[in-house]
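In: output the structure for:
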Amino acid sequence: MIQRYTLEYLNTNFTFANMFTERHLAPKLLTALNSSPIVFISGARQAGKSTLVQTLAADHFPADYVTFDSPTAMAAAVSNPDFFLSRDRPLIIDEVQLVPDIFRALKKRIDDLRLKDKANSNGRYLLTGSANIMALPKLADALVGRMALLRLYPLSALELHTQSGTFLSNLFSNRFPHQTPSTSMEATLTTIRDATFPELPGKTEAERELWFDSYQHSLAT
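Out: Here you go, the predicted model:
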């Protein structure tokens, strides 16, 4: 079953044509889906995790999508996690940390799939969460060798301008070719200001200040 999907989505040279902002994590995410049964994307709230996986499902990774922010989905997973995970198509679960018991069921499900057809057991579950699930008791041991861990950060300046970058490769190879700045100081300061959470580019200073105040308050309470 998975092999049919493999031909469709495991091209790491893709771009998300329908995504408002292309994320540099996307090619690495597809590589992880090709090599691991479970992939978990962590990151701060509002970093763009849900947008990334929903766009992936729409364009490159045929899968069912559920979020545990939905009381109905959460209740179904809590009442019968084994049945909840038993489906033919790959499954994307958003905010997976809200149902901690699902991880034991995931371990059992992956072990069963590997017994039947280990070669086609990868790319079954794509999870997102705002918490460090590996800090949950006994979870790390349960999913060793079954789950790839990725982290999505807020927008970088390159993502904001939909560009690829070579700064890190130049840094580690001690190569810094001379470049003439192509933007004004004002444009540079705007980029520094906007390279942050996907919600913020285009907002006024007052709107940005309100957003950050609300964000910090929600995390502190």
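In: got the domain ranges for the protein?
Out: Per automatic domain parsing, the domain ranges recorded for the chain read 2-151, 157-220.
In: mean pLDDT lowest where, among those?
Out: Here these differ in mean pLDDT, and the lowest is domain 157-220 at a mean of 63.
In: show me what the residue lying closest to residue 125 once chain neighbours are set aside bridges to in the sheet.
Out: By the measure of Cβ to Cβ, 6 or more residues apart in numbering, the closest residue to residue 125 outside its immediate chain neighbours is residue 38, 4.6 Å from it. The C-beta positions use only the backbone N, C-alpha and C, and glycine is treated the same way. As for beta bridges, residue 38 partners with residue 125, residue 147 under DSSP bridges.
In: close enough to count as contact, residue 38 and residue 149?
Out: No: the pair formed by residue 38 and residue 149 falls short of the contact definition of Cβ atoms under 8 Å, at 9.6 Å.
In: which residue of these two possesses the greater neighbour count?
Out: Between residue 38 and residue 149, counted using other Cβ atoms under 10 Å, the more crowded position is residue 38 (25 against 16).
In: list the contacts of the more buried one.
Out: With Cβ atoms under 8 Å, 6 or more residues apart in numbering as the criterion, the residues that contact residue 38 are 106, 110, 124-127, 143, 146-148.
In: does residue 23 touch residue 48 like I think?
Out: Yes: Residue 23 sits in contact with residue 48 when judged by Cβ under 8 Å, with a separation of 6.5 Å.
In: would you agree residue 75 falls within a helix?
Out: Yes: the secondary structure assignment for residue 75 places it in a helix, going by DSSP: H, G, I helix; E, B strand; the rest coil.
In: count residues in the vicinity of it, would you?
Out: 13.
In: please report how far it lies from residue 92.
Out: Noted for residue 75: a distance of 18 Å to residue 92, by Cβ to Cβ, to the nearest Å.
In: ok, residue 45 next?
Out: 18 Å.
In: mind checking which of these two has more residues around it?
Out: residue 92 (23 against 13).
In: mind listing what that one touches?
Out: With contacts defined as Cβ under 8 Å, 6+ apart, residue 92 is in contact with 53-54, 56-57, 61, 63-66, 125-128.
In: pull out the buried residues from stretch 86-104.
Out: Judged by neighbour count (16 or more other Cβ atoms under 10 Å), stretch 86-104 contains these buried residues: 90-99, 102-103.
In: with stretch 77-87 instead?
Out: For stretch 77-87, a neighbour-count test (16+ other Cβ under 10 Å) marks 77, 81, 84-85 as buried.
In: and which of those residues is nearest to residue 27?
Out: Minimum distance to residue 27 across these is 27.0 Å, recorded for residue 85 (Cβ to Cβ).
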